[in-house]
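>>> 3D, please:
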Amino acid sequence: MGHLDHAALGWLTPALSYAMACIGAALGLRCTVRALAATGRSRRNWLVTAASAIGTGIWTMHFVAMLGFAVTGTDIRYDVPLTLLSLLVAMVVVCAGVFAVGYGRDRGRALFLGGLTTGLGVASMHYLGMAAVRLHGDVTYDPVLVGLSVLIAVVAATAALWAALNIKSPVAVTIASLIMGAAVSSMHYTGMFAVSVRVTPSGEALPGATAMQFIFPLAVGLGSYLFLTSAFVALSPTAGEREASASAQRPVESVAP
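Take a look at the predicted model:
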């Protein structure tokens, strides 16, 4: 059995991946709060932004953590199409969950279906990303830990959607985001602890790209997207601020000649 190292680069990858999960959660929650206060096309746009932020944050968290994954006795490569597919899965399932909450009339049912869909989707993204791993050997999983990781994903997704419905203040969103980041990270590392690798030494070149060739640039690009979107959301006026601005302008307009 090959020795697995989940933090080959030290605490850098776990800490950075946790930060990315927290940023994605915080941005997604803020966008969902904006969406619930909006109507029509504006609500749809905010929900799409929320879904892309949460999905991007989860995917980036996973693959930043994977930068620190190493197996003694073999190199590691990643199948590019499967890795990109895992990103698409993360986006689509989170979008489905967020829209279920944003447009659902029965909040309890919408929360259950949205949390279940999103949680299963996040778990699918994780294991699809793991299916993209190429190494000299056979990968097996502990079914108990796999089941636990899926359960954590569903609970974390449901809690995130509940927070989006019930938490409004920036301080509460920050606290919820830190908790959600911890939950997503726990799901990832629980799934990784389920992995065992039986190494088969070989001199053949592995197909695919290295983490630094492909995943690192993509993670940096998506991380930049999260930071830029965070700045946009922070500078965008809320519904209350727009109403206050409109109210302040009315007296001026009424006395104008």
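
>>> show me what contacts residue 191?
Shown in contact with residue 191 (Cβ atoms under 8 Å, 6 or more residues apart in numbering): 123, 126-127, 130, 145-146, 149. All C-beta spots, glycine's among them, are computed from the backbone N, C-alpha and C.

>>> can you flag the buried ones in those residues?
123, 126-127, 130, 146, 149 (16 or more other Cβ atoms under 10 Å).

>>> can you give me the neighbour number for residue 207?
10 (other Cβ atoms under 10 Å).

>>> out of the contacts of residue 191, the closest to residue 71 would be?
residue 130 (12.4 Å; Cβ to Cβ).

>>> any idea how far residue 86 is from that closest one?
Going from residue 130 to residue 86 by Cβ to Cβ, to the nearest Å gives 9 Å.

>>> residue 113 now?
22 Å.

>>> between these two, who's got more neighbours?
The residue with more neighbours, out of residue 113 and residue 86, is residue 86; 24 against 18, by other Cβ under 10 Å.

>>> test my guess that the more buried one contacts residue 132.
Yes. Assessed by Cβ atoms under 8 Å, residue 86 is found in contact with residue 132 at 6.7 Å.

>>> coming back round to it: same list (the buried ones among the contacts of residue 191) but as a markdown table, adding distance to residue 49.
Compiled in a markdown table, those are given as follows (distance: Cβ to Cβ, whole Å):
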| residue | distance to residue 49 |
| --- | --- |
| 123 | 24 |
| 126 | 23 |
| 127 | 27 |
| 130 | 28 |
| 146 | 32 |
| 149 | 28 |
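
>>> output the below-cut-off pLDDT ranges for the chain.
Counting by pLDDT under 70, the chain has low-confidence residues at 1-2, 234-257.

>>> which parts of it are helices?
12-36, 40-66, 80-103, 107-131, 143-166, 170-193, 216-235, 239-255 (DSSP state H).

>>> which of those sits closest to residue 210?
helix 216-235 (8.8 Å).

>>> can I get that closest one as PDB, trimmed to CA atoms?
The C-alpha coordinates for helix 216-235 follow below in PDB (Å, rounded to 0.1, in the frame of the first residue of the first chain):
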ATOM      1  CA  PHE A 216      -3.000  25.500 -10.000                       C
ATOM      2  CA  PRO A 217      -3.600  28.000 -12.800                       C
ATOM      3  CA  LEU A 218      -7.400  27.200 -12.900                       C
ATOM      4  CA  ALA A 219      -7.700  27.500  -9.200                       C
ATOM      5  CA  VAL A 220      -5.900  30.800  -9.200                       C
ATOM      6  CA  GLY A 221      -8.200  32.000 -12.000                       C
ATOM      7  CA  LEU A 222     -11.400  30.900 -10.100                       C
ATOM      8  CA  GLY A 223     -10.000  32.400  -6.900                       C
ATOM      9  CA  SER A 224      -9.500  35.700  -8.700                       C
ATOM     10  CA  TYR A 225     -13.100  35.500  -9.900                       C
ATOM     11  CA  LEU A 226     -14.300  35.100  -6.300                       C
ATOM     12  CA  PHE A 227     -12.400  38.100  -5.100                       C
ATOM     13  CA  LEU A 228     -13.600  40.300  -8.000                       C
ATOM     14  CA  THR A 229     -17.200  39.200  -7.500                       C
ATOM     15  CA  SER A 230     -16.800  39.900  -3.800                       C
ATOM     16  CA  ALA A 231     -15.800  43.400  -4.600                       C
ATOM     17  CA  PHE A 232     -18.700  43.900  -7.000                       C
ATOM     18  CA  VAL A 233     -21.200  42.600  -4.300                       C
ATOM     19  CA  ALA A 234     -19.700  44.800  -1.600                       C
ATOM     20  CA  LEU A 235     -19.900  47.900  -3.800                       C
END
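
>>> ok, so of the buried ones among the contacts of residue 191, who is nearest residue 222?
residue 126 (16.1 Å).
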